[in-house]
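S.K.: Kindly return the folded structure for what I paste below:
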Amino acid sequence: MKGEHQGTIKILNQPLTSFSDLLSYNGGNGNLIPEFDMSFQFFLSILCILLVLSAAFFGWRYFRLRHRLSWLAKSLRASVYDDLAAGSIPLDDPLLGDLPDAVQAMLDLHLDKLDELGTEHARLAAVLDQMSDGVLIADPDGRIQFANPAAARLFDYGTNSLLYYSVTEVLRHHQLVDAWQRCQQSGHLQTESVELPAQQQYLQLIVNPDRDTPGGSLLLVQDLTRVRRLETVRRDFISNLSHELRTPLASLKALAETLQEGALDDPPAARRFLDRMQTEVDALTQMAAELLELSRIESGQVPLELRSVSPYNLLNSSAERMRLQVERAGLTISIAPEPGLPNVKADASRLEQVLVNLIHNAVKFTSPGGKVCLFAEADNQGFVRFSVRDTGAGIPDDVLPRIFERFYKVDASRTSGGTGLGLSIARHLVAFHGGHIWAESLEGKGSTFSFTVPVVD
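M.R.: Below is the predicted model:
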């Protein structure tokens, strides 16, 4: 025992220079290594426990982070697809750090862009819906992918949709279809104009390649019917004015040449020629005066003195002014106003001018023995309707819409006299009073010219 104790002491007193010296020692009684093993195993146990706890902690953190990211993704999808308001992403999650802030900023920007696109889309849709020109967009196969309401109206589809119809089915005219096919083949803008007598339309088609869709095309359809009609009116105006001027000027030239060639030496003949020249000059003067008045009326330079006027007084004064001319033509004139008519708001002299013009036309185209009747009646829309009815020759249906044009005359030979400006002046005067004028006629049985004037408030 003593030796063992001494041996132990020697070992403990032996200086150890390294951990390997301790492990390599194999002398003495061998009690040191088991004690070290127990200490090492305890250290390893603590280390394992720490590793397990660390793994568990980081695993819990991982699963929690994954759960929060999944929840963030779900919130983001809800904000985008369900069109939720901005600010739906929670920003106070310390686990995610600055990520929610960045996502919310991107979402706000995305929603702002969507609002801008929505506003622009609504504005563009409103413009296309209100356009009078038809707009069609066709795909490379020639199927309509977009059509505004004007296009459906121009091609007589009413309110029906043109989507997925073929371009050929919609256009239905070989010239328009050819223009679209030329654009498809050449890839360049094509323009075609066509007149449709059955529909009384004049259409212009502009076909442009769709730059965003290869093979697609954009078709713009313009209704030029009104423009064409205005061009016709302009040409007729120039033609009629030239005719109206040429006739009296030619007559004046012939009369002047006759006087120069010796008629001055024959006083009775000279007097007849001078009277005829005076008549032609008066006709030219009247035409110039009516043209000037029409120009002033159309430009709004004729002031109206609107007052409360009795319809009966208007009819009576107009009939009295024309009574002598009516009797000379072998006709009878009468007035038949509806009892209890309200007063109208009008310029009495201007409305009397309208009535006198209508009576004059009735006398001109009514044979002796005929009748001219003036009457007035109230409607339920705050207007009084004045009418002049005759038993004359009537007006053909095909020319009835044009009788209010300048210089237009139903008598193609233009032998009925007058300048052809009276009805045009009447139309503008009635329009300035806030009413409208129209004509109804049965050829061979007579005509009725009517116009409305608002009653006094």
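S.K.: what about residue 238, neighbour count?
M.R.: Neighbour count of residue 238, defined by other C-beta atoms under 10 Å: 11. Yep, even glycine has a C-beta here, placed from its N, CA and C like the rest.
S.K.: Next up, the contacts around the residue nearest to residue 377 when sequence neighbours are not counted.
M.R.: Nearest residue to residue 377, sequence neighbours excluded (C-beta to C-beta, 6 or more residues apart in numbering): residue 338, at 4.2 Å. Each residue near residue 338 by C-beta atoms under 8 Å, 6 or more residues apart in numbering is listed here: 375, 376, 377, 378.
S.K.: now for the top helix by length along the chain, which elements pack on it?
M.R.: Longest helix in the chain, counting residues (DSSP state H): helix 32-81. Counting contacts by 3 or more C-beta pairs under 8 Å, 6 or more residues apart in numbering; DSSP states H and E, helix 32-81 packs against helix 19-24, helix 99-130.
S.K.: just to revisit the earlier point, which of the contacts of residue 338 sits closest to residue 48?
M.R.: Using C-beta to C-beta, residue 378 comes nearest to residue 48 of the contacts of residue 338, at 109.7 Å.
S.K.: contacting residues for the closest one?
M.R.: Counting by C-beta under 8 Å, 6+ apart, residue 378 touches 338, 341, 342, 384, 385, 455.
S.K.: for the fifth one, phi and psi?
M.R.: Put plainly, it is residue 385. Main-chain torsions, residue 385, degrees, to the nearest 10: phi -100, psi 120.
S.K.: before we move on, what about the first one?
M.R.: Taking degrees, to the nearest 10, you get phi -70, psi 140 for the backbone angles of residue 338.
S.K.: The helix or strand hosting residue 180: which residues count as buried?
M.R.: According to DSSP states H and E, residue 180 maps onto helix 174-186. For helix 174-186, burial by neighbour count (16 or more other C-beta atoms under 10 Å) applies to 176, 177, 179, 180, 181, 183, 184.
S.K.: so the second one makes contact with residue 168?
M.R.: Okay, so that is residue 177. Yes: counting by C-beta atoms under 8 Å, residue 177 does reach residue 168; the two are 5.4 Å apart.
S.K.: if we can go back for a sec, ranking by neighbours, what's the top pick from the contacts of residue 378?
M.R.: When those are compared by neighbour count (other C-beta under 10 Å), residue 384 ends up highest, at 26 neighbours.
S.K.: hmm, which two among the buried residues of helix 174-186 are most spread apart?
M.R.: Longest span within the buried residues of helix 174-186, C-beta to C-beta: 176 and 184, 13.2 Å.
S.K.: Counting neighbours, what do you get for residue 45?
M.R.: Applying other C-beta under 10 Å, I find that residue 45 has 10 neighbouring residues.
S.K.: Do you know the pLDDT at it?
M.R.: Listed pLDDT for residue 45 reads 84.
S.K.: Okay, it and residue 327: tell me how far apart.
M.R.: Using C-beta to C-beta, to the nearest Å, we find residue 45 at a distance of 140 Å from residue 327.
S.K.: repeat for residue 212
M.R.: 77 Å.
S.K.: These two - which one has more neighbours?
M.R.: residue 327 (12 against 8).
S.K.: Give me the secondary structure label for that one.
M.R.: Residue 327 carries the three-state label helix when classified by DSSP: H, G, I helix; E, B strand; the rest coil.
S.K.: And the pLDDT for it?
M.R.: At residue 327, the pLDDT recorded in the model is 91.
S.K.: State the distance from the residue nearest to residue 443 when sequence neighbours are not counted to residue 388.
M.R.: Excluding its sequence neighbours, the residue lying closest to residue 443 (C-beta to C-beta, 6+ apart) is residue 394, at 4.0 Å. Residue 394 is 14 Å from residue 388, where distance means C-beta to C-beta.
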